[in-house]
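Colleague: Okay, sequence plus prediction incoming.
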Amino acid sequence: MKKLLLGIFITFLSACSLMGTNTPKERVKELLDKYKNQDTSIITQLEETISGEYKGEYKDRYKELMLNQYKNMEYKITDEIIDGNTAVVTADVTVYNYGSMIDSANEYLKEHEQEFYKDEEKKEIDNDKFLDYKLDLLEQVEDRKTYTIEFSLSKDKNEWVLDDLSNDNISKIHGIYYE
């Protein structure tokens, strides 16, 4: 009898814990934890994205910046609004403020363009030299910024599914959002 009760109790606990994971809040938590824990799906998306923009050493450096960003990201889910088959979950996400440093690097380039010339006569910017400068600055960032992100979800066959993130929300998670 004790074994039967124990079996029923374990089944009940399992069912309760499974029911709790199908909420909009839980889906957002799962996503943000994938970033924090550097889930392979997140890393694969990152590598695909940066492969088009960076090569060699620069790609590796930028990837390390993002991995550090993900690992040190903090978040707090602040609200959940469910309206039938749609939901919005609000979270405050705190990340390194790379955006302000990118702004600073771009401003510096405008004011000191000649420092980055490949050839003085052609006045052509050496993109690698500037990228190296910008990555050096980003690697020194310690300031953090908190962004509020609203995640939209839809219910599909009784499962909450995150809608695609906007470019702005992805930029916020990466800490490169410009306001």
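Modeller: Perfect, I can see it now.
Colleague: hang on, Leu31 packs against Leu153?
Modeller: No. Using C-beta atoms under 8 Å, Leu31 is not in contact with Leu153, being 10.1 Å away. All C-beta spots, glycine's among them, are computed from the backbone N, C-alpha and C.
Colleague: so what's in contact with these two at the same time?
Modeller: Shared contacts of Leu31 and Leu153 (C-beta atoms under 8 Å, 6 or more residues apart in numbering): Leu162.
Colleague: any idea which helix or strand comes after the lowest-mean-pLDDT helix or strand in the chain?
Modeller: Lowest on mean pLDDT, DSSP states H and E among the helices and strands of the chain sits helix 2-20, with a mean of 37. Sequence-wise, the next helix or strand downstream of helix 2-20 (DSSP states H and E) is helix 24-36.
Colleague: Show me what that next one is packed against.
Modeller: In terms of contacts (3 or more C-beta pairs under 8 Å, 6 or more residues apart in numbering; DSSP states H and E), helix 24-36 is packed against helix 40-51, helix 56-72, strand 74-83, strand 86-96, strand 144-156, strand 159-162.
Colleague: helices or strands next to the shortest one in the packing?
Modeller: This points to strand 159-162. Strand 159-162 sits against helix 24-36, strand 144-156, with contacts defined as 3+ C-beta pairs under 8 Å, 6+ apart.
Colleague: Identify all contacting residues around the helix or strand just after that strand.
Modeller: Sequence order places helix 167-174 as the next helix or strand after strand 159-162, per DSSP H and E. Helix 167-174 has contacts (C-beta under 8 Å, 6+ apart) with 35, 66, 69, 73, 93, 95, 98-99, 147, 149-151, 165, 177-178.
Colleague: what about the residue nearest to Thr148 when sequence neighbours are not counted, how many neighbours?
Modeller: Distances taken as C-beta to C-beta, 6 or more residues apart in numbering place Asp92 nearest to Thr148, at 5.6 Å, with adjacent residues excluded. By the criterion of other C-beta atoms under 10 Å, Asp92 has 14 neighbours.
Colleague: All set, thanks.
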